[in-house]
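Visitor: build me a structure from this.
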Amino acid sequence: MASYSFLTVFRFVKLSAVCSLGILIIFLSVTSKAQSSYLGFDRNDYPGDENLPILRRTFSYAGYWLNNPPGAKSNSWAGKRNALEAAGFGFLVLFNGRLYKELKHNAAATGGADGRAAARTAMREGFPSRSIIFLDIEEGGRMLPEQKAYIYEWVDAVSAAGFGAGVYCSGIPAKEGKSSIVTAEDIRENAQRRDISFWVTNDACPPSPGCAVSPSAPSQSGVAFADVWQFAQSPRRKDFATQCRNYSSDGNCYPPGVDPASHLHLDVNTATSADPSHGR
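Guide: Down below sits the predicted model:
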């Protein structure tokens, strides 16, 4: 049997401890990176209290409309914050903004009024003042002067009321002559140092994985500063998502374990937080 001096044994133990610590640090680093993106869903219609448990198996947060979603005459999300929080969901708080055709007169004043309305509704629904409210901008490409006036006045009004301001907008390059423009970049570049969070949509495959439930970093959307990325929409948009092959046969995206006959189709998002609006 070989004999070792006390110093040799001490050095061996010390080296082993250092190696173990290094492995632990690497493991924690990998684990942290794996947990840096979180899946969430949004849809125009509230999914129903009975469906929250099955949705929570896959998703960390839910979109939450403060006013009528696009094309809707009512808002079925109103009054549902407590049920979602009790089920363990974080939030993406969303306010449906105006279309360009509605902004021909007094766009800035309309933006300010809508921003104050969004803040009042968020308070009434029970969201804390620090919550980020996202303005839903349905039209893409370069924002026209009226649209920019509306957006920035809305942001200022929401911020003045003590809430965080964000925008939901396109992250897909739109043709503009011989070049292209990304709506999110256009809004950010003209924001004059306003603090705005960005929730971008890009459902084109690639970069989108299509109707999938593997979270990716929002920056992989093509917009490096994105906080949230909506990478799948229901129904699949044929003009953008033609290369996406993993949607249901009816063209919609369903969460795992959900029968398409339930009509519980949804849009899928990935974010850097399990509560992107800080709405808990």
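
Visitor: can you pull out the low-pLDDT segments for the stretch 51-200 of the chain?
Guide: For the stretch 51-200 of the chain, no stretch has pLDDT under 70.

Visitor: all strands of it, in order?
Guide: 61-65, 90-96, 132-136, 164-170, 174-176, 179-181, 196-201 (DSSP state E, counting those that start in this stretch).

Visitor: in its sheet, which strands sit next to the first one, and in what direction?
Guide: Yep, that's strand 61-65 we're talking about. strand 38-42 (parallel), strand 90-96 (parallel) (DSSP bridges).

Visitor: now the strands of the stretch 51-200 of the chain in TSV, with mean neighbour count and distance to residue 231?
Guide: (C-beta placed from N, C-alpha, C; glycine too.) Converted to TSV, these look like this (neighbours: other C-beta atoms under 10 Å; distance: least, C-beta to C-beta, whole Å):
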stretch	mean neighbour count	distance to residue 231
strand 61-65	27	14
strand 90-96	24	14
strand 132-136	26	16
strand 164-170	24	13
strand 174-176	11	18
strand 179-181	12	20
strand 196-201	25	8
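
Visitor: between the ones you listed, which one is closest to residue 108.
Guide: strand 132-136 (14.2 Å; C-beta to C-beta).

Visitor: okay, the closest one in PDB with CA atoms only?
Guide: Output in PDB follows, covering the C-alpha atoms of strand 132-136 (Å, rounded to 0.1, in the frame of the first residue of the first chain):
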ATOM      1  CA  ILE A 132     -46.800  46.400 -16.900                       C
ATOM      2  CA  ILE A 133     -49.700  47.000 -19.200                       C
ATOM      3  CA  PHE A 134     -49.100  46.100 -22.900                       C
ATOM      4  CA  LEU A 135     -50.800  48.200 -25.600                       C
ATOM      5  CA  ASP A 136     -52.000  45.900 -28.400                       C
END
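
Visitor: now for that strand, which elements pack on it?
Guide: strand 90-96, helix 107-124, helix 145-160, strand 164-170, strand 196-201 (3 or more C-beta pairs under 8 Å, 6 or more residues apart in numbering; DSSP states H and E).

Visitor: relative orientation of it and strand 38-42 in degrees?
Guide: 50 degrees (axes from the mean of the first three to the mean of the last three C-alpha atoms, to 10 degrees).

Visitor: quick one: distance of strand 132-136 to the chain centre.
Guide: Relative to its parent chain, strand 132-136 has a centroid offset of 10 Å by C-alpha atoms, centre = their mean, to the nearest Å.

Visitor: quick one, what contacts the closest residue to residue 153 other than its chain neighbours?
Guide: In this structure, residue 153 finds its nearest non-sequential neighbour in residue 111, 3.3 Å apart by C-beta to C-beta, 6 or more residues apart in numbering. Residues near residue 111 by C-beta atoms under 8 Å, 6 or more residues apart in numbering: 149-154, 157.

Visitor: enumerate every residue touching the spatially most central residue of the chain.
Guide: The residue lying closest to the centre of the chain (C-alpha atoms, centre = their mean) is residue 228, at 3.3 Å. Counting by C-beta under 8 Å, 6+ apart, residue 228 makes contact with 40, 92, 197-200, 218, 269-272, 276.

Visitor: mind redoing it with 6 Å?
Guide: 199, 218, 269, 271, 276 (C-beta atoms under 6 Å, 6 or more residues apart in numbering).

Visitor: ok so, going back, reformat the contacts of residue 111 as TSV; add distance to residue 206 and neighbour count.
Guide: Putting those into TSV (distance: C-beta to C-beta, whole Å; neighbours: other C-beta atoms under 10 Å) gives the following:
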residue	distance to residue 206	neighbour count
149	35	19
150	32	28
151	29	28
152	32	23
153	36	19
154	32	28
157	37	20
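
Visitor: between those, which is nearest residue 191?
Guide: residue 152 (6.9 Å).

Visitor: do you know how far the closest one is from residue 135?
Guide: To residue 135, residue 152 is 10 Å away according to C-beta to C-beta, to the nearest Å.
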